[in-house]
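Enquirer: quick one, structure for this:
(4 chains)
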2 protein chains.
Amino acid sequence: MAEETKFFKTAFSVDNVIFGFDDGDLKVLLIERGEDPYVGMWALPGDLVYPNEDIDSSATRVLKELTGLENVYLEQVKAFGAVERHPLGRVITIAYYSLIKISSNKLKTSSFAKKAKWHSIKQVETLAFDHSEILKASILLLKKSIRNRPIGFELLPPKFTLTQLQHLYEAVLDAELDKRNFRKKILSMGLLEDIDEMQEGVAHRPARLYRFDKQKYETLMAEGFVFELSDSKKLMGTTKQ
Amino acid sequence: MAEETKFFKTAFSVDNVIFGFDDGDLKVLLIERGEDPYVGMWALPGDLVYPNEDIDSSATRVLKELTGLENVYLEQVKAFGAVERHPLGRVITIAYYSLIKISSNKLKTSSFAKKAKWHSIKQVETLAFDHSEILKASILLLKKSIRNRPIGFELLPPKFTLTQLQHLYEAVLDAELDKRNFRKKILSMGLLEDIDEMQEGVAHRPARLYRFDKQKYETLMAEGFVFELSDSKKLMGTTKQ
DNA sequence: TCAAAAGTGTTCTTATTACACCCATGG
DNA sequence: CCATGGGTGTAATAAGAACACTTTTGA
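Expert: Residues are numbered from 1 along each chain as shown, chains lettered A, B, ... in the order given. Prediction:
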């Protein structure tokens, strides 16, 4: 700690808001702090930026150290730089958010990762540092981004049903969507490939499985196609509450 | 410089993309560098962040030192932190953009400001550091923001004509808009107050003057109103090129 | 009287919304 | 045979797009 305090005079860090989707709920991966400051509280995973490391690489590294995952959707949220945001010194942090498929992920067993746990974003208590504020900003950005870019798929397994996709959107946007309108809209974009497979072992009529066609998206993009879902105030169905 | 080089081992800075609108053109305020590195090149105005200064305050200060203006629209773009972005050391910079009314602004005469000049964004050459990249990201963000928030008014004098407003949108979005559709749309939002004054001294039929009703906007916001202009791919008229 | 920009409505087309029933499976 | 979620179409409404002529002023 004494060592670190020196280092901490002025430093940059990255903090990573790692989103996952499971059990119909949007989740965020948090770490229980094992040391002061804020010992025992939950915090976003992060680290100081190494001297010879780009900030993007730093965020990628944190994610990999924690989850073992690479080639994952990762985007900068913004920098947070209030003077007193870190009690040990002047630390400006750059927040990132990433989207991962929880199912395909076993958390690593490093000491770092051992204290990690998925939290439903509905039930996150107050976090260490200014991390509550960072989380809030990240959720807002995610809500916005998911309507303008086809990133929802990053949170689902490669093969998914339309209902899974709809529930994902509902969780992120915190609103209810109309089933028929949602399907019509999303299928009309032509980005989903019906892979002619069915769900198995469910106690109801099995659903078709789809796959996101990334190549098709890139082709359409080049032609000026714009991914867009209507505003969440009036959505594609009934607004919650 | 030797002094500064020491300081520069690792530091944070802010860079401010100051937009203005004049003569039908979107402009950005740049500074000619008087010292190495990149002496003689144009750069975004910026400064190191003081040890006891929030990053937002730092951006506000840079803006004030340069233009004398306070209470101006200012928003963070994002952080730029490639390892080799600054030749003298590791400097992570936080980019901001601000919107000012050029007309109401006489640049200050500090040595800092003496080298400042408005450049049409259509004619900006390669900038110092990674500032070309920062400018590009800022313009993209501005294009997006101007469609989702009523910030265009920040670039116009308090009283303006609908044609001025339309030209502003056309300059920012880099597209042509249909006059009738634009007016219908913007007036239907109910955010413009017709102040019953007319343009004077123009060699054609004088236009009505309007004022942006900020209070009205806040009231509507609270009721769930969403400011939104349709996507620039299909806009409110004919797309350029 | 000319040039320049202001101002104004309607029709067509497309996208969004609201809404209810039958189907396939496992237990 | 029941419970569960899968799957489907249509009509009404709202929003966006296309489009041309008259008006007012100063020079």
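Enquirer: which pLDDT does the model give the residue nearest to residue A:131 when sequence neighbours are not counted?
Expert: Nearest non-adjacent residue to residue A:131, counting by C-beta to C-beta, 6 or more residues apart in numbering or on different chains: residue A:44, 4.7 Å away. For every residue, glycine as well, the C-beta is placed using N, CA and C. We note a pLDDT of 98 for residue A:44 in this prediction.
Enquirer: please tell me how far residue A:44 sits from chain B.
Expert: Per C-beta to the nearest C-beta, to the nearest Å, residue A:44 is found 16 Å from chain B.
Enquirer: for burial, what's the neighbour tally of that residue?
Expert: 27 (other C-beta atoms under 10 Å in any protein chain shown).
Enquirer: surely it meets residue A:30?
Expert: Yes - with contacts counted by C-beta atoms under 8 Å, residue A:44 reaches residue A:30, the gap being 6.7 Å.
Enquirer: what do these two both touch?
Expert: residue A:127 (C-beta atoms under 8 Å, 6 or more residues apart in numbering or on different chains).
Enquirer: re earlier: list the contacts for the residue nearest to residue A:131?
Expert: A:15, A:16, A:17, A:30, A:31, A:95, A:127, A:131, A:134, A:135.
Enquirer: adding secondary structure as columns, could you present those residues in TSV?
Expert: Output for these, formatted as TSV (DSSP: H, G, I helix; E, B strand; the rest coil):
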residue	secondary structure
A:15	strand
A:16	strand
A:17	strand
A:30	strand
A:31	strand
A:95	strand
A:127	coil
A:131	helix
A:134	helix
A:135	helix
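Enquirer: could you find the closest non-adjacent residue to the spatially most central residue of chain A?
Expert: In chain A, the centroid-proximal residue (C-alpha atoms, centre = their mean) is residue A:19; its distance is 2.7 Å. Closest residue in space to residue A:19, ignoring its immediate chain neighbours: residue A:99 at 5.3 Å, by C-beta to C-beta, 6+ apart.
Enquirer: that neighbour and residue A:146: what is the separation?
Expert: Residue A:99 sits at a distance of 9 Å from residue A:146 (criterion: C-beta to C-beta, to the nearest Å).
Enquirer: hmm, stretch A:201-213 touching DNA strand C?
Expert: Yes - judged by C-beta under 7 Å from any atom of the strand, stretch A:201-213 comes into contact with DNA strand C at A:201, A:202, A:203, A:204, A:205, A:206.
Enquirer: quick one: name the residues of chain A near chain B.
Expert: Applying C-beta under 8 Å from any C-beta of the partner chain, we find that chain A lies next to chain B at A:10-12, A:49, A:51-56, A:76, A:78-79, A:81-83, A:90, A:92, A:94, A:224, A:226, A:228, A:231, A:233.
Enquirer: narrow the residues you listed to just the buried residues.
Expert: Burial by neighbour count, 16 or more other C-beta atoms under 10 Å in any protein chain shown: within the residues of chain A next to chain B this picks out A:11-12, A:49, A:53-56, A:76, A:78-79, A:81-82, A:90, A:92, A:94.
Enquirer: residue in chain A nearest to DNA strand D?
Expert: Residue of chain A nearest DNA strand D, by C-beta to the nearest atom of the strand: residue A:204 (2.5 Å).
Enquirer: neighbours of that residue, how many?
Expert: 6.
Enquirer: roughly how far apart are it and residue A:157?
Expert: For residue A:204, the distance to residue A:157 (C-beta to C-beta) stands at 19 Å.
Enquirer: again with residue A:114
Expert: Taken as C-beta to C-beta, the span from residue A:114 to residue A:157 is 26 Å.
Enquirer: surely residue A:117 is within a strand?
Expert: Yes - assigned with three-state DSSP, residue A:117 falls within a strand.
Enquirer: and the gap between it and residue A:27?
Expert: From residue A:117 to residue A:27 the distance is 9 Å (C-beta to C-beta).
Enquirer: same question for residue A:193.
Expert: Taken as C-beta to C-beta, the span from residue A:193 to residue A:27 is 27 Å.
Enquirer: more neighbours: these two, which one.
Expert: Legend: neighbour count by other C-beta under 10 Å for residue A:193 and residue A:27, higher for residue A:27 (23 against 14).
Enquirer: what residues are up against that one?
Expert: Per C-beta under 8 Å, 6+ apart, neighbours of residue A:27: A:19, A:20, A:21, A:102, A:118, A:119, A:120, A:121.
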